[in-house]
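**Student:** Give me a 3D structure for the following:
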Amino acid sequence: MTKELLDSLLFMLNEMSPYILLGFLIAGVMHAFIPQRTFARHLSGTGWKSVVKSALIGIPLPLCSCGVLPTAVAMRRNGASRAASTSFLIATPQTGVDSIAATWSLLGPAFAVIRPVAALSTALLGGAGVGKYESRKPEITYYEEVEEAPHQSFGQKVVSALRYGFVDLVSSIGGWLVIGLIIAALITVYVPSDFFSILGRTPILSMIAVLIIAIPMYVCATGSIPIAMSLILKGLSPGTALVLLMAGPAANFASFALISREMGRKPAIIYLASIVIGSIAFGLAIDYLLPSSWFDLANIHPEGTHCQHFSLFPSICSAILAALLIYALIRRFNHKHIITTNMTKVYTIKGMNCPHCQAAVAKSISSVNGVTQVDVNLSGGKATVEGDHNPKELIEAVRKAGFDAAE
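**Tutor:** Reported below is the predicted structural model:
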């Protein structure tokens, strides 16, 4: 069984790694060569156009559901409406250039096309719903100027792209990718082939069951792909797998809590309802309206999922990805410490799940008057702050960034 488990794990890793590395590279280029002001300018506004732009721009961005939260809060600070912010929050975590590429590798081209289309549709549904609520309840719009990024030469931008794509982004989703691969391999090897046969015969029942599990669970868009593949192999319908791919990354308690706090309870309910309704609608369409051959994994992987013959290029890509994941793990726990003095305070930070969150918290704390140095420990959920500052101002700054802080 151990050898079978390892074969299954290596197969999925080899199938995904070339596409994931390509996605990381594209994501890094987008980050380095498209100014933040460009996104801020297009995502701000209160009309339906901003809702559409938010969804379209959010779909290729490689941000997980926790990483998208501070970005959405920054949008609101820059003048984006509740509707546009909701649209961005729904579309962004469901996809990304890295997860679309990985979806193609494991689940095939049909899933890779339908997934962003479903993300766009649910984002527009949620944004339109919040827009109607918004039109009945005027909101106070306030702006925060987006900081101008320092000018960089072409070479510096290339370095920045590589650092973001292959260091920061790997740190962001790497842990969840590994967890997803392990869970998928365990399901593939240890779960009996007919375990999900009853649910598989009743797609709507299986979709509801998946929603109950996926909504409170946190899983990134890329990490959910091998899990979806293993569930299909064990008898769940392709439509049910799509429900997992949509609801798992987009809906979780952290997102719901942030939307409730920043925009109100009704927009948060609309946000959640649009994901649930949209995922079930697209799932049923896959199971009942589209050709089943499009989603037949036997056609996509005719050699099977336990093939022991690995070609050279995917194996090299897998080795590179494994090295990047190991480096990200070391980097995550090897953080610098501040020499404590009588002006040092330690705060507990809630809501951080990835380096995007860590960077947002560090930036918000550094903006507080009197703060001279800050170290944010992601794994421990602590922020060590040096300097003569007002704790209430610091806690409020962290709250505005989309997180909670306490002394």
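**Student:** low-scoring stretches of the stretch 201-350 of the chain, by residue?
**Tutor:** Along the stretch 201-350 of the chain, the model assigns pLDDT under 70 to residues 201, 216-219, 252-254, 302-310, 332-342.
**Student:** how about the helices in it?
**Tutor:** 203-214, 224-233, 238-250, 253-263, 265-288, 297-300, 312-333 (DSSP state H, counting those that start in this stretch).
**Student:** out of the ones you listed, which comes closest to residue 60?
**Tutor:** helix 238-250 (14.4 Å; CB to CB). For every residue, glycine as well, the C-beta is placed using N, CA and C.
**Student:** Can I get that closest one as PDB, trimmed to CA atoms?
**Tutor:** C-alpha atoms of helix 238-250 as PDB (Å, rounded to 0.1, in the frame of the first residue of the first chain):
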ATOM      1  CA  PRO A 238     -17.900  15.600 -12.200                       C
ATOM      2  CA  GLY A 239     -20.600  18.200 -11.300                       C
ATOM      3  CA  THR A 240     -20.000  17.400  -7.600                       C
ATOM      4  CA  ALA A 241     -16.300  17.900  -8.100                       C
ATOM      5  CA  LEU A 242     -16.900  21.300  -9.600                       C
ATOM      6  CA  VAL A 243     -18.900  22.200  -6.500                       C
ATOM      7  CA  LEU A 244     -15.900  21.400  -4.500                       C
ATOM      8  CA  LEU A 245     -13.600  23.400  -6.800                       C
ATOM      9  CA  MET A 246     -15.900  26.500  -6.500                       C
ATOM     10  CA  ALA A 247     -17.100  26.400  -2.900                       C
ATOM     11  CA  GLY A 248     -13.900  25.200  -1.300                       C
ATOM     12  CA  PRO A 249     -11.700  28.100  -2.300                       C
ATOM     13  CA  ALA A 250     -14.300  30.900  -2.400                       C
END
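**Student:** Which elements pack onto that helix?
**Tutor:** helix 82-94, helix 109-136, helix 203-214, helix 224-233, helix 265-288 (3 or more CB pairs under 8 Å, 6 or more residues apart in numbering; DSSP states H and E).
**Student:** So what's the gap between that helix and the chain middle?
**Tutor:** A distance of 13 Å separates the centroid of the chain from that of helix 238-250, by CA atoms, centre = their mean, to the nearest Å.
**Student:** Kindly tell me how buried residue 407 is, as a neighbour count.
**Tutor:** Using other CB atoms under 10 Å, residue 407 has 10 neighbouring residues.
**Student:** how close does it get to residue 388?
**Tutor:** Separation of residue 407 from residue 388 (CB to CB, to the nearest Å): 15 Å.
**Student:** what's the nearest residue to residue 87 if we skip its chain neighbours?
**Tutor:** Nearest residue to residue 87, sequence neighbours excluded (CB to CB, 6 or more residues apart in numbering): residue 127, at 3.3 Å.
**Student:** was I right about that neighbour contacting residue 58?
**Tutor:** No. Using CB atoms under 8 Å as the test, residue 127 is too far from residue 58 to be in contact (10.5 Å).
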